[in-house]
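Participant: only geometry, no sequence info:
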């Protein structure tokens, strides 16, 4: 549920947050957290990634992306907030007493049962199995790229991939980017879409919320001096004065493809993702 704040100050006008009444207010499980060594985009004190720094202190929650406790039913104990990712997380309590965190699927509730297996099981929300046992048209998330490696793609809030077909030992998937690619059918995937789909509608409202997330201010290149950026200089509001935009170090920027042309996974991509910049 999206909550819009009352405009008590100019910065809070139209500012919104996602409220979930099912979220637990308890502290995270002590055995499943660790301290983050946050370096704020710096290496040996020098800035290597700009616009990073000063985030809120937080613990890292150890997420089980593999879900390799096969054929042991687990009960959803709590749904929790995770400051390190956009979706919610779920604390599972297995039948043998072990507890693990996983990414929360949309519409999964406290008290529900989740099962992970290498065999064919019921395609209920949160259940996990190899894609060769899943019917085409199913919504999937937390998908492996290599068998046993653990989920690598489709893990952000509200994301979902659609299983198109199973042919020749490969599963054909339509990813959230609209890219259609092939993945080995023995790779596991979880049923359902990722939780917190309303996150994309958040209005952050004020600069302070971005600083809590570890994002520092960004200055436009055309607002700088020529010594600081290739776009800099000129009187008043001037254009960049170049055929193509560049980074502060003179390399091509904004929409330039950085993927290697001879990357070995190219043969698995059936249809490239839609270039939204060109589409407009």
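Facilitator: Okay, I see it. Everything quoted here is computed from the prediction, not taken from an experiment.
Participant: Flag every buried residue along stretch 126-138.
Facilitator: Buried positions in stretch 126-138, judged by neighbour count with 16 or more other Cβ atoms under 10 Å: 126-131, 134. From N, CA and C alone the C-beta is placed, and that goes for glycine too.
Participant: shouldn't residue 74 be in contact with residue 117?
Facilitator: No: when contacts are counted by Cβ atoms under 8 Å, residue 74 is not listed as touching residue 117 (11.7 Å).
Participant: still on that earlier bit, JSON lines for the buried residues of stretch 126-138, including pLDDT, secondary structure and distance to residue 2?
Facilitator: Rendered in JSON lines, the data for the buried residues of stretch 126-138 read as follows (pLDDT from 0 to 100; DSSP: H, G, I helix; E, B strand; the rest coil; distance: Cβ to Cβ, whole Å):
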{"residue": "126", "pLDDT": "90", "secondary structure": "coil", "distance to residue 2": "24"}
{"residue": "127", "pLDDT": "93", "secondary structure": "coil", "distance to residue 2": "29"}
{"residue": "128", "pLDDT": "94", "secondary structure": "strand", "distance to residue 2": "29"}
{"residue": "129", "pLDDT": "93", "secondary structure": "strand", "distance to residue 2": "33"}
{"residue": "130", "pLDDT": "94", "secondary structure": "strand", "distance to residue 2": "36"}
{"residue": "131", "pLDDT": "93", "secondary structure": "helix", "distance to residue 2": "33"}
{"residue": "134", "pLDDT": "93", "secondary structure": "coil", "distance to residue 2": "32"}
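Participant: Check which residues of stretch 101-113 are buried.
Facilitator: By neighbour count on 16+ other Cβ under 10 Å, the buried set for stretch 101-113 is 101-106, 108.
Participant: for it, how far is the first residue from the last?
Facilitator: Chord length of stretch 101-113, first to last residue, is 14 Å (Cα to Cα, to the nearest Å).
Participant: And the strands in the stretch 51-200 of the chain?
Facilitator: 59-61, 74-80, 89-94, 99-103, 113-114, 128-130, 139-141, 161-167, 170-174, 180-184, 188-191 (DSSP state E, counting those that start in this stretch).
Participant: Go through those strands and name the closest to residue 41.
Facilitator: strand 59-61 (17.5 Å; Cβ to Cβ).
Participant: neighbouring strands for the closest one, and are they parallel or not?
Facilitator: Sheet partners assigned to strand 59-61 using DSSP bridges are listed as strand 33-35 (antiparallel).
Participant: partner strands of the helix or strand just after the partner strand, parallel or antiparallel?
Facilitator: Heading C-terminal from strand 33-35, the first helix or strand you meet, by DSSP states H and E, is strand 42-43. Note on strand 42-43: by DSSP bridges, its sheet partners are strand 46-47 (antiparallel).
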